[in-house]
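1. no sequence on hand, only this structure:
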Ligand SMILES: C[S@@+](CC[C@H](N)C(=O)[O-])C[C@H]1O[C@@H](n2cnc3c(N)ncnc32)[C@H](O)[C@@H]1O
Ligand SMILES: Nc1nc2[nH]cc(C(=O)O)c2c(=O)[nH]1
Ligand code: SF4
Ligand SMILES: [Mg+2]
């Protein structure tokens with residue numbers, strides 16, 4: 001049976017975060033996340049309301065963020081890329097929390113067509129994806145949903161991208177890296193909600209630890 005995914009948004013833009021910043025990318029945003037980060041910038045993806053299903057045409061025509069979602073297979077999505085004349089060759093699967101479902105069939109389909117894949121995940125669900133998929137883990141410590149970071153997610157990560165606003169967030173990250181024995185992965189700090197204090201803290205902490213800064217470039221230049 002063909003797997004269908006719950007999709008909140010599908011659009012083409014420039015990756016604004018982490019190691020692939022600047023890369024033209026097709027974004028696929030899955031519906032549903034139980035993790036409950038108080039500062040989450042995509043709260044419209046949290047609930048899966050069966051009464052809010054829309055067609056793929058309405059999905060592509062969304063003018064603003066909403067809790068509406070479409071049910072699409074990998075092949076449906078490829079047809080939409082063609083319909084939209086997307087030229088990006090990199091696909092970012094985000095959410096919501098994409099790792100609540102098995103992403104392997106999705107990434108396999110895309111990779112068989114020559115696309116490269118990346119997922120953005122909180123590290124609180126087992127990561128099921130293709131071997132070559134680039135995995136960005138943005139670990140979520142002590143969030144309302146009560147989920148824990150999985151060691152398997154920390155080990156699978158190709159990069160760790162940690163949102164920060166306070167010293168506590170930095171301490172949480174250091175403890176996590178030490179607990180999971182992470183010594184050789186690229187670490188990015190991402191200031192929460194473009195706040196000046198958070199940005200200053202991230203800059204200072206990156207310099208002290210030889211980590212990298214990820215500012216959400218798309219928000220500064222006003223693209224999706
Ligand atoms: C919206 S999440 C979706 C994917 C997944 N649930 C996760 O948390 O990684 C995508 C990225 O945005 C980051 N993020 C969410 N809200 C943010 C905010 N207000 N400021 C900075 N980064 C934020 C997350 O930490 C994550 O790296
Ligand atoms: N341009 C752009 N880059 C992004 N990188 C990660 C995003 C996300 O919401 O997961 C995101 C997003 O929403 N837009
Ligand atoms: S895990 Fe990701 S999508 Fe879920 S609440 Fe946190 S930032 Fe938002
Ligand atoms: Mg975003």
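-> Structure received. Note that the structure is a prediction, hence the values are computed from the model and not measured. Residues are numbered from 1 along each chain as shown. Ligands and ions are numbered 1, 2, ... in the order given.
2. excluding sequence neighbours, find me the nearest residue to the most centrally placed residue in the chain.
-> Nearest to the geometric centre of the chain sits residue 120, at 2.6 Å (C-alpha atoms, centre = their mean). Counting by C-beta to C-beta, 6 or more residues apart in numbering, residue 120 lies nearest to residue 94, which is 4.0 Å off, once chain neighbours are set aside. In this view, the C-beta of every residue, glycine as well, is placed from N, C-alpha and C.
3. give me the pLDDT for residue 1.
-> pLDDT, the model's per-residue confidence, is 76 for residue 1.
4. do you have the helices of the chain handy? List them.
-> Applying DSSP state H to the chain gives helices spanning 56-60, 74-83, 104-112, 151-156, 167-179, 196-209, 217-221.
5. check those helices for me and report the most buried one.
-> Highest mean neighbour count of the helices of the chain: helix 104-112, a mean of 19 (counted as mean count of other C-beta atoms under 10 Å).
6. what's that one packed up against?
-> Using 3 or more C-beta pairs under 8 Å, 6 or more residues apart in numbering; DSSP states H and E, the elements in contact with helix 104-112 are helix 74-83, strand 90-94, strand 116-121.
7. give me the residues contacting stretch 127-141.
-> Identification of contacts with stretch 127-141 by C-beta atoms under 8 Å, 6 or more residues apart in numbering yields 17-20, 35, 37, 99, 101-104, 107-108, 111, 116-124, 147, 149, 152-154, 156-163, 172-173, 176, 190.
8. is that stretch anywhere near ligand 2?
-> No: using C-beta under 6 Å from any ligand atom, stretch 127-141 stays clear of ligand 2, coming no nearer than 8.0 Å.
9. chain center to that stretch, what's the gap?
-> Chain-centre distance of stretch 127-141: 9 Å, with C-alpha atoms, centre = their mean, to the nearest Å.
10. what parts of this structure come near ligand 2?
-> Within the chain, the positions adjacent to ligand 2 are 13, 14, 15, 16, 17, 27, 42, 94, 120, 218, 224 by C-beta under 6 Å from any ligand atom.
11. which one among these gets closest to ligand 3?
-> Minimum separation from ligand 3 among these (C-beta to the nearest ligand atom) is found for residue 42, which lies at 5.2 Å.
12. state the distance from the residue nearest to residue 120 to ligand 1.
-> Using C-beta to the nearest ligand atom, to the nearest Å, one gets 5 Å for the distance from residue 94 to ligand 1.
13. same check on residue 87?
-> For residue 87, the distance to ligand 1 - C-beta to the nearest ligand atom - is 23 Å.
14. close to ligand 1: what parts of this protein are there?
-> Residues of the chain lying close to ligand 1 (C-beta under 6 Å from any ligand atom) are 33, 39-42, 94-95, 97, 120-122, 138, 161, 163, 190, 192-193, 216.
15. please name the residues that touch residue 70.
-> Residues near residue 70 by C-beta under 8 Å, 6+ apart: 6, 7, 53, 54, 55, 56, 58, 59.
16. spatially nearest residue to it, not counting backbone neighbours?
-> Spatial nearest neighbour of residue 70, chain neighbours left out: residue 59 (4.3 Å); criterion: C-beta to C-beta, 6+ apart.
17. may I ask you to confirm that that neighbour is in contact with residue 9?
-> Yes: using C-beta atoms under 8 Å, residue 59 is in contact with residue 9, at 7.3 Å.
18. can you give me the angle the strand of greatest length in the chain makes with strand 90-94?
-> In the chain, with assignment by DSSP state E, the single longest strand is strand 4-14. Counting by axes from the mean of the first three to the mean of the last three C-alpha atoms, to 10 degrees, strand 4-14 lies at 130 degrees to strand 90-94.
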